[in-house]
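Student: any chance you could fold what I've pasted below:
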Amino acid sequence: MSEERVLTGAELEELAEKKLARGPLFYETESDHQEAMGDFYTVVAEAYKNSKQWKESGDAYCKASDWYKKSDPSDPSDPSDPSLEAGAYLKAAVSYRKCSTPYDHIHVVKILIMMSVSMENYSKAADLQKDIALVYETELDDLSTALSCYETAAEFYTTEDSPATTRGCLAKAGSIAAMLQLYESAIENFEKAAQESLMSFVTSTSFQLHCFSTGLCYLALGVIARVRTSIGRYSCVDVCFGTTREMRFLNDMMDALDAGDAEQYTTVVMEYTDKFKLDHWKTSILLEIKNGMRDEDGLM
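Tutor: Model prediction:
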């Protein structure tokens, strides 16, 4: 006996369209018909997924979700009982993520975020918000939108009282803002991240690094007085901050800037960067500070 041939996703989708054309004739209620259509499109999506047709799989999961939404199979007020609609959207997001359709992925994830917020599941909303922030940052090179997404994710995590994940999103937002030369925004995010550091057990090192990042942004703004004021505040919170290598680096740079000595500034930076590796945005901001000296004095 020959083995029964497995229908392809396209063939199953054609059957789904025929079932839709027949309407709810063979179902007791309209809701039963709608849920059955959702189930059938889920089968279609699985068939596409098995053949690695990710775009078609995502589209079919979205159709399934639309039908489940019409049938309203679950209680939306119960966050522990995710609806079939949400489950299908989540699978659609996974399929879209595996192909070159980032905007489809983002669209579906935004729907899931709204659903999570409506159920007051802010931890899930934050995870999803961070997911699309990463897509905007790494795939679409849209840093402005990525910045906004990371800030929103941090707000969601704060609602869930998750200082570690809140801190991570704030630090990411700060670094992106600095790359965009939005230094006031960067300072605000880094200082919030420093504050969150004080609410966890990983206090000292994390707090000091965020304060150092804030100091660099103040220097990029050309407001040395604000750097000194901030350092005073940070040292009151963490008495060890004044003895760190980051603090010494900030002081050495400020001495060079106060003296208007571009050569001294270059030497200070080179000595530090030869010993310690810096993030790309920090390297860029050090160059920006150097360019600021050139613009003011024509020394370089």
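
Student: now do residue 82, the pLDDT please.
Tutor: The per-residue pLDDT reported for residue 82 equals 54.

Student: again with the one 3 residues further on
Tutor: At residue 85 the predicted local confidence, pLDDT, stands at 91.

Student: give the residue spans of the stretch 101-250 of the chain that score low on pLDDT.
Tutor: Where the stretch 101-250 of the chain drops to pLDDT under 70, the residues are 199-204.

Student: do a quick rundown of the helices in it.
Tutor: Ranges of helices within the stretch 101-250 of the chain are 102-118, 122-138, 143-159, 163-179, 183-197, 204-221, 224-237, 245-259, based on DSSP state H, counting those that start in this stretch.

Student: these: which one's closest to residue 280?
Tutor: helix 163-179 (7.9 Å; C-beta to C-beta). Any C-beta I mention is one placed from the backbone N, CA and C, and that applies to glycine too.

Student: what's that closest one packed up against?
Tutor: For helix 163-179, the contact count by 3 or more C-beta pairs under 8 Å, 6 or more residues apart in numbering; DSSP states H and E identifies helix 122-138, helix 143-159, helix 183-197, helix 204-221, helix 280-297 as packing neighbours.

Student: let's have those helices in JSON lines, adding mean neighbour count and distance to residue 241.
Tutor: Listed next are these as JSON lines, based on neighbours: other C-beta atoms under 10 Å; distance: least, C-beta to C-beta, whole Å:
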{"stretch": "helix 122-138", "mean neighbour count": "21", "distance to residue 241": "29"}
{"stretch": "helix 143-159", "mean neighbour count": "21", "distance to residue 241": "23"}
{"stretch": "helix 183-197", "mean neighbour count": "22", "distance to residue 241": "10"}
{"stretch": "helix 204-221", "mean neighbour count": "22", "distance to residue 241": "5"}
{"stretch": "helix 280-297", "mean neighbour count": "15", "distance to residue 241": "18"}
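
Student: let's have the ones you listed in JSON lines, adding distance to residue 14.
Tutor: Output for the helices and strands packed on helix 163-179, formatted as JSON lines (distance: least, C-beta to C-beta, whole Å):
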{"stretch": "helix 122-138", "distance to residue 14": "32"}
{"stretch": "helix 143-159", "distance to residue 14": "38"}
{"stretch": "helix 183-197", "distance to residue 14": "51"}
{"stretch": "helix 204-221", "distance to residue 14": "56"}
{"stretch": "helix 280-297", "distance to residue 14": "50"}
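
Student: for residue 17, find the nearest of those.
Tutor: helix 122-138 (31.2 Å).

Student: now the angle from that closest one to helix 143-159?
Tutor: On the basis of axes from the mean of the first three to the mean of the last three C-alpha atoms, to 10 degrees, helix 122-138 is oriented at 160 degrees to helix 143-159.

Student: keeping just the C-alphas, turn helix 122-138 into CSV.
Tutor: Extracted C-alpha coordinates of helix 122-138, given in CSV (Å, rounded to 0.1, in the frame of the first residue of the first chain):
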residue,chain,number,x,y,z
TYR,A,122,4.2,43.9,32.2
SER,A,123,7.1,41.5,32.4
LYS,A,124,6.0,39.9,29.1
ALA,A,125,5.3,43.3,27.6
ALA,A,126,8.9,44.3,28.5
ASP,A,127,10.5,41.2,27.1
LEU,A,128,8.6,41.8,23.8
GLN,A,129,9.4,45.5,23.7
LYS,A,130,13.1,44.7,24.2
ASP,A,131,12.8,42.2,21.4
ILE,A,132,11.7,44.8,18.8
ALA,A,133,14.2,47.3,20.2
LEU,A,134,16.9,44.8,19.2
VAL,A,135,15.4,44.4,15.7
TYR,A,136,15.4,48.2,15.2
GLU,A,137,18.9,48.5,16.5
THR,A,138,20.7,45.6,14.7
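
Student: right, I'll call it a day here.
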